[in-house]
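[1] Could you look at this predicted model? Sequence included:
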Number of protein chains: 2
Amino acid sequence: MKSKTEDLRPNGRPGRALDAFDRTILAALSTDARLTYAEIGERAGLSAPAVHERVRRLRESGVLQGTTACLDARAIGKPFLAFVHVDADGWGKSQRMMTLRRFPEVEEMHSVAGDTCVILKVRTQDAQAMEHFLSQLYVLPGVRGTKSYVVLSTYLERAIQPEVTAHWPEVPLPPE
Amino acid sequence: MKSKTEDLRPNGRPGRALDAFDRTILAALSTDARLTYAEIGERAGLSAPAVHERVRRLRESGVLQGTTACLDARAIGKPFLAFVHVDADGWGKSQRMMTLRRFPEVEEMHSVAGDTCVILKVRTQDAQAMEHFLSQLYVLPGVRGTKSYVVLSTYLERAIQPEVTAHWPEVPLPPE
DNA sequence: CATGAAATGAGGACCTG
DNA sequence: CAGGTCCTCATTTCATG
């Protein structure tokens, strides 16, 4: 009936791997974080306490890092969005990058491979606020330059989509 | 379906501007969407039913679009992240862009100003899956080319930060 | 403020290894 | 036999008119 026997994961750190129940729960919470445990259990085929226990473990293990509200950017007064490519020296070791965490307008920050070092996702009230942020950015040592891509329209913006149909776990090594 | 061209300014009915209570509530829900109405009310200085009513209105007006879970990308088997710049012809009118919504690996999609047309945020299981996605992308008519920035490390990734301290609404025009 | 619903804790049964 | 996970039931807390 149910096959929980899929705990063969070389990823020894975070306990066991996610089974189909976990993925269904995470997918449900991904669409609506305020779903009732009973409602989630209905989708997943579990009772409410069982879902509650699994959610607790998922939170504990760090798989479920938290829940957040999705807000209308224009309504809260931050309609100006841009991706800023930062060209810099010595970003690798410096924790100076973390200084940018203090700016609430910075939503994302990734070091990347390519013709730039860091990509920032920055959301501000308007162009003037963006300019002010960039001026602050250039104060940081090591910043050689930036290249900004101002967003004209956002066609899609959503959270990570967990694949419920697990077509990834097994190693595709054909035994003979 | 909601049109993208909606109230840009407080037109009276469709939703008056957010007050400090609303922003505090939204900020609280932004940190944890499963907070109790009583807990939110404690932060905002309101009773639980008052918070409940305001949240209902915020949902109704579209300011609060929903709630979602924040998941560990590695834990759910999608550790490979890239920003894909798409160079294309005639993206403006075509709804072909919306075809990409069907790909669960596409998390964001923006048309931008700059030396590219569209920026995609794409998260896959591995490089092979990313290559497969790109091959699908090139099938779309009008796609001239792509430039991908593979993320090496993610230093920050968070939701919109509503400014609780409202320093934005009025124009700071200095006298004379 | 009151009522119904949901979250959460405890105990016992089942499957797995 | 041991460990873990699920279910049912009961109580506290919360959502909601």
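    Perfect, I can see it now. Numbering: from 1, shown residues only, chains lettered A, B, ... in the order given.

[2] what's the helix or strand for A:P104?
    Counting by DSSP states H and E, no helix or strand carries A:P104.

[3] ok, and the closest non-adjacent residue to it?
    B:Q161 (3.8 Å; C-beta to C-beta, 6 or more residues apart in numbering or on different chains). Any C-beta I mention is one placed from the backbone N, CA and C, and that applies to glycine too.

[4] Likewise for A:V106?
    Closest to A:V106 by C-beta to C-beta, 6+ apart is A:L100, at 5.0 Å.

[5] just A:T31 next, same as before
    In space, A:T31 is closest to B:T68, 7.3 Å off (C-beta to C-beta, 6+ apart).

[6] Tell me the helices and strands packed up against the top helix by length along chain A.
    If you go by DSSP state H, chain A has its longest helix at helix A:48-61. Helices and strands touching helix A:48-61, by 3 or more C-beta pairs under 8 Å, 6 or more residues apart in numbering or on different chains; DSSP states H and E, are helix A:20-31, helix A:37-44.

[7] mind running it again at 10 Å?
    helix A:20-31, helix A:37-44, strand A:64-71, strand B:64-71 (3 or more C-beta pairs under 10 Å, 6 or more residues apart in numbering or on different chains; DSSP states H and E).

[8] correct me, but the residue nearest to A:P104 touches A:K121?
    No - using C-beta atoms under 10 Å, B:Q161 makes no contact with A:K121, being 11.8 Å away.

[9] any residues in contact with both of the two?
    Jointly contacting B:Q161 and A:K121 under the rule C-beta atoms under 10 Å, 6 or more residues apart in numbering or on different chains are A:105-107.

[10] if we can go back for a sec, is the longest helix of chain A in proximity to DNA strand C?
    Yes - Helix A:48-61 reaches DNA strand C (C-beta under 7 Å from any atom of the strand) through A:48-49, A:52.

[11] Now that helix - C-alpha only, CSV.
    As requested, the backbone C-alpha atoms of helix A:48-61 are provided in CSV (Å, rounded to 0.1, in the frame of the first residue of the first chain):
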residue,chain,number,x,y,z
ALA,A,48,-3.9,16.1,10.7
PRO,A,49,-1.6,15.1,13.5
ALA,A,50,0.6,13.1,11.1
VAL,A,51,0.9,16.2,8.9
HIS,A,52,1.6,18.3,11.9
GLU,A,53,4.4,15.9,13.0
ARG,A,54,6.0,15.9,9.5
VAL,A,55,5.8,19.7,9.2
ARG,A,56,7.5,19.9,12.5
ARG,A,57,10.3,17.6,11.4
LEU,A,58,10.6,19.4,8.0
ARG,A,59,11.0,22.7,9.9
GLU,A,60,13.5,21.2,12.3
SER,A,61,15.6,19.7,9.5
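
[12] what's the distance between that helix and the middle of its chain?
    Chain-centre distance of helix A:48-61: 20 Å, with C-alpha atoms, centre = their mean, to the nearest Å.

[13] Same question for stretch A:88-98.
    21 Å.

[14] buried set for that stretch?
    Residues of stretch A:88-98 classed as buried by neighbour count (16 or more other C-beta atoms under 10 Å in any protein chain shown): A:88, A:91, A:97.

[15] my read is the last one is in a helix, agree?
    Looking back up the chat, that one is A:M97. Yes - assigned with DSSP: H, G, I helix; E, B strand; the rest coil, A:M97 falls within a helix.

[16] Quickly list the domain ranges of chain A.
    Using automatic domain parsing, the domain parsing of chain A gives A:20-61, A:80-150.

[17] least reliable of the ones you listed going by mean pLDDT?
    Mean pLDDT is lowest for domain A:80-150 among these, at a mean of 93.

[18] For it, measure first residue to last.
    8 Å (C-alpha to C-alpha, to the nearest Å).

[19] what about it, distance to the chain center?
    Counting by C-alpha atoms, centre = their mean, domain A:80-150 comes out at 18 Å from the chain centroid.

[20] So A:R101 is in contact with B:R158, correct?
    Yes - with contacts counted by C-beta under 10 Å, A:R101 reaches B:R158, the gap being 8.9 Å.

[21] shared neighbours of the two, anything?
    By C-beta under 10 Å, 6+ apart, the residues touching both A:R101 and B:R158 are A:M109.
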